[in-house]
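Engineer: Just need the structure, nothing else, for what follows:
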Amino acid sequence: MKECRNILLGLFALLALSMTAGPVRKNGKRSQSDSRVHLLHADRLYFNQRLHPTAQFLVGNVQFDHEGTLMYCDSALFYEASNSFDAFGRVKMRQGDTLSLDGDILYYDGLDQIARVRQNVVLRHRGTNLYADSLDYDRLYDLGYFFEGGKLVDKDNELTSDWGEYSPTTREAVFNYNVRLVNPRPPKEAKSVLISDTLHYNSKTGIAHVFGPSNIDNGQNHIYTENGYFNTNTDESNMLNRSILQNGYKILIGDSVYWNNKDSIGKAFGHVIYTDTLNKNKFTGNYVLYNDKTGYAEAADSAVLIDYSQRDTFYAHADSFLLRTFYINTDSVYRMLHAFNHVRAYRVDVQAVCDSMVYDSRDSCTTMYRDPIIWQEGQQILGEVIKAWRNDSTIDSVYVINQALTVERIDSVHYNQVASKEMYIYFDGTDPYLTIADKNVYVNYYPFDDDSLMIGMNHTETSQMKLFMQGRKIQKIWMPEASGVMYPLFLTPPNELYLDNFAWFDYVRPLDKDDIFHWRGKKAGTELKASVTRTAPKQNLDDVKSDGKRKNKKTSKTK
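Structural biologist: All right, here's what the predicted structure looks like:
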């Protein structure tokens, strides 16, 4: 009765194996082994012609050998003619001292060198364990593959999928369908979870390569990619094909994206979009870097700063941008933005150009250096250095340092002009309501009568002037002492139409948000020459000492 039970178990298992066997890999014509499977031991061996005329029935401590690979089981059906066997109960396969394969049932084909293992399967290799319910191991290609769900576990990671394969030679694993990688592996709390449709994993390097829609979550960070690499040892990710990195309220998109989760550093290359959804601004360009721990960011190569925090969007282009955050994660936090070389900015109501620019969030002040110019509707402001303070969405005030000039265009010939050493301009919305010009003030002004007809041109020179305006019309002018002349409109001398430092740089002005990329410098000879403040030479104390004292000092030294 016991023999019949073993036979029935063997026949049933053989039928199950034939129904659930996985695909046999065919790389061209498959070579077959000429070596024989050798039976090394069995407690009992017998034949049963009625149940299976070609099989040897083996029971108790069964052991086989094929080309140095040892296989153990409780019972087996050995088909010597076909060089194969079916093994049952506590199945073990040992290949050298690095590979072991265990399960409940094994069908082994010595010609094709394929081992099909079923139920409670465990493949162990150099610290990597592969668990499955059904696994085929191809000794010819040194490849094990499962097709009814499996789990690979190594020192740091746990990977699961519906289908997969593992090569002990290369230590490469390929997983398909419902792939999930957890790092570190349970029972530790997961820091990173990767979900994909197709994943290649090397158990030696700990690097996972994903294909197709994939998501990586590590802490507050989320990565979406369709082609990328994830290093589970260093917690670094390199993604291609327009990948997306979301870090809290910051989103980084690029043709390729790099993220170092340990140091919180992100980089992107090629058609980059970096968005700060909290502060409502973004960088675009071909290179962006940011450090989430320090609040540092930089952008270059067609870089554009876009601020959409106000009603109208502000666009600024420069060769490079650099953002620094101070006292991060405190109540005293503030940021400074630097723009270097060929700065051009555009908003519907205001435009600007300069060589470099700094923005300080503490007082919302933007400082522009080297040939800065600001345009607001028909008004142009320039000088050596310009400081502009912002109030919500509009300019609150402007401070022009050295060679200050403000020009308001009336028509193609007539311009209101104020020139001075320094100038303060205060705005109400987009309209200036007070202009203070200080030191060496020169004014060319065209008044209008009640019928809005131009009366003439007023030229004035003074040491200080305060110009009060309403609705872009002058209401009152104050100055201490002044000298000037009022020319009738048609009797104004041509050489008096413009101040000596008059300039109208409308050809430099950005026309729209796309024009910020087209640098147009001032025409040769019209650039501002930095003014030089000369100081008196410092006196040497020795020069004011009397000759007698100096001689006595020398004499005493000689003595």
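Engineer: Would you map the helices across the stretch 401-550 of the chain?
Structural biologist: Secondary structure of the stretch 401-550 of the chain by DSSP state H, counting those that start in this stretch: the helices cover 541-544, 547-558.
Engineer: Likewise for the stretch 201-350 of the chain?
Structural biologist: Counting by DSSP H, counting those that start in this stretch, the stretch 201-350 of the chain forms no helices at all.
Engineer: Please enumerate the strands of it.
Structural biologist: Per DSSP state E, counting those that start in this stretch, the stretch 201-350 of the chain carries strands over the ranges 207-218, 221-231, 236-239, 243-247, 250-254, 256-260, 265-276, 281-291, 296-300, 304-307, 314-317, 320-326, 334-347, 350-360.
Engineer: still on that earlier bit, looking at the helices of the stretch 401-550 of the chain, which one has the lowest mean pLDDT?
Structural biologist: Of all the helices of the stretch 401-550 of the chain, mean pLDDT reaches its minimum on helix 547-558 (a mean of 43).
Engineer: got the domain boundaries for this structure?
Structural biologist: What automatic domain parsing lists as the domains of the chain is 243-363, 372-498.
Engineer: What I need now is the ones you listed written out in TSV, including distance to A208, mean pLDDT and mean neighbour count for each item.
Structural biologist: For every residue, glycine as well, the C-beta is placed using N, CA and C. Shown next, in TSV, are these (distance: least, Cβ to Cβ, whole Å; pLDDT from 0 to 100; neighbours: other Cβ atoms under 10 Å):
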stretch	distance to A208	mean pLDDT	mean neighbour count
domain 243-363	14	93	18
domain 372-498	46	90	16
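Engineer: Out of those domains, the one nearest A87 is which?
Structural biologist: Comparing the domains of the chain by their distance to A87 (Cβ to Cβ), the top pick is domain 243-363, with 46.1 Å.
Engineer: Which strands or helices does the helix or strand hosting I386 pack on?
Structural biologist: Per DSSP states H and E: I386 is located in strand 385-391. Secondary-structure packing of strand 385-391 (3 or more Cβ pairs under 8 Å, 6 or more residues apart in numbering; DSSP states H and E): strand 365-369, strand 394-409.
Engineer: in its sheet, what does it sit against?
Structural biologist: According to DSSP bridges, strand 385-391 forms sheet pairs with strand 365-369 (antiparallel), strand 394-409 (antiparallel).
Engineer: and for that strand, what are the contacting residues?
Structural biologist: For strand 385-391, contacts defined as Cβ atoms under 8 Å, 6 or more residues apart in numbering pick out 354, 363-369, 372, 374, 395-402.
Engineer: Can you check what angle separates it from strand 350-360?
Structural biologist: Angle between the axes of strand 385-391 and strand 350-360 is 90 degrees (criterion: axes from the mean of the first three to the mean of the last three Cα atoms, to 10 degrees).
Engineer: Alpha carbons of strand 385-391, in PDB - could you do that?
Structural biologist: Taking C-alpha atoms only, strand 385-391 is exported to PDB below (Å, rounded to 0.1, in the frame of the first residue of the first chain):
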ATOM      1  CA  VAL A 385      23.600 101.200  -9.900                       C
ATOM      2  CA  ILE A 386      19.800 100.900  -9.400                       C
ATOM      3  CA  LYS A 387      18.000  99.600  -6.300                       C
ATOM      4  CA  ALA A 388      14.300  98.700  -6.700                       C
ATOM      5  CA  TRP A 389      12.000  97.800  -3.800                       C
ATOM      6  CA  ARG A 390       8.900  95.800  -4.600                       C
ATOM      7  CA  ASN A 391       5.600  96.000  -2.900                       C
END
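Engineer: What's opposite N416 in the beta bridge?
Structural biologist: For N416, the beta-bridge partners under DSSP bridges are E408.
Engineer: Please apply the same query to G228.
Structural biologist: Going by DSSP bridges, G228 forms beta bridges with V210, M239.
Engineer: need the contact list for it.
Structural biologist: Contact analysis of G228 by Cβ under 8 Å, 6+ apart lists H209, V210, S214, I216, S237, N238, M239, L240, N241, S243.
Engineer: Report the buried members of those.
Structural biologist: By neighbour count, with 16 or more other Cβ atoms under 10 Å, the contacts of G228 hold H209, V210, S214, I216, S237, N238, M239, L240, S243 as buried.
Engineer: picking that back up, got the domains of the chain as a markdown table, with distance to V182 columns?
Structural biologist: Formatted as a markdown table, the domains of the chain follow (distance: least, Cβ to Cβ, whole Å):
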| stretch | distance to V182 |
| --- | --- |
| domain 243-363 | 15 |
| domain 372-498 | 47 |
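Engineer: Relative to S31, tell me which of these wins on proximity.
Structural biologist: Nearest of these (Cβ to Cβ): domain 243-363, 42.3 Å.
Engineer: And the closest one, how far out from the chain middle?
Structural biologist: Centroid separation for domain 243-363 versus its chain: 11 Å, with Cα atoms, centre = their mean, to the nearest Å.
Engineer: start to end distance for it?
Structural biologist: Domain 243-363 has an end-to-end distance of 36 Å (criterion: Cα to Cα, to the nearest Å).
Engineer: Could I get the strands of the stretch 201-350 of the chain in TSV, plus columns for distance to S75?
Structural biologist: As requested, those are exported to TSV (distance: least, Cβ to Cβ, whole Å):
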stretch	distance to S75
strand 207-218	41
strand 221-231	45
strand 236-239	50
strand 243-247	54
strand 250-254	60
strand 256-260	54
strand 265-276	59
strand 281-291	64
strand 296-300	68
strand 304-307	74
strand 314-317	79
strand 320-326	71
strand 334-347	75
strand 350-360	81
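Engineer: Across the sheet, point out what pairs with N221.
Structural biologist: As for beta bridges, N221 partners with N218, N247 under DSSP bridges.
Engineer: if I look at it, how far off is N215?
Structural biologist: Using Cβ to Cβ, to the nearest Å, N221 is found at 11 Å from N215.
Engineer: And these two? Which one has more around it.
Structural biologist: Legend: neighbour count by other Cβ atoms under 10 Å for N221 and N215, higher for N221 (19 against 14).
Engineer: for that one, what are its contacts?
Structural biologist: Counted by Cβ under 8 Å, 6+ apart, N221 has contacts L245, Q246, N247, G248, W259, N261.
Engineer: Need the three-state assignment for F57.
Structural biologist: With DSSP: H, G, I helix; E, B strand; the rest coil as the basis, F57 sits in strand.
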